[in-house]
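*Asks:* Quick check, what structure comes out for this input:
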Amino acid sequence: MPSDAVSKRVFLTLPDVVYQELEIWAESQGRPVANLGAFLIETAIRQAKTTGEFPKESQGDGDKP
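*Replies:* Reported below is the predicted structural model:
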């Protein structure tokens, strides 16, 4: 990530059950729910790139909207 890159904020709406499970998981790891959510999204993107599910033209182009 370039040094001038700025983290982006995303707001998600989750079903109550999903949020409760995410909260339990985050608490078990001693981390905030948002931090675990960000990690899981990053992991899912990496996995999608590995399996070819991620669009080829967008791979490695993290600075574009």
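
*Asks:* low-scoring stretches of this protein, by residue?
*Replies:* 1-3, 58-65 (pLDDT under 70).

*Asks:* What separation is there between Ser7 and Ile45?
*Replies:* 15 Å (C-beta to C-beta, to the nearest Å). To be clear about C-beta, it is placed using only N, CA and C from the backbone, and glycine gets the same treatment.

*Asks:* These two - which one has more neighbours?
*Replies:* Counting neighbours by other C-beta atoms under 10 Å for Ser7 and for Ile45 shows that Ile45 has the greater number, 15 against 7.

*Asks:* From the chain's centroid, how far away is stretch 35-47?
*Replies:* Here the centre of stretch 35-47 is set off from its chain's centre by 3 Å, with C-alpha atoms, centre = their mean, to the nearest Å.

*Asks:* can you pull the buried residues of it?
*Replies:* Neighbour-count burial for stretch 35-47, counted by 16 or more other C-beta atoms under 10 Å, picks out Leu36, Gly37.

*Asks:* now do stretch 11-18
*Replies:* Per 16+ other C-beta under 10 Å, stretch 11-18 contains no buried residues.

*Asks:* Give me the distance between the two termini of it.
*Replies:* 15 Å (C-alpha to C-alpha, to the nearest Å).

*Asks:* Can you give the contact residues for that stretch?
*Replies:* Leu22, Gly37 (C-beta atoms under 8 Å, 6 or more residues apart in numbering).
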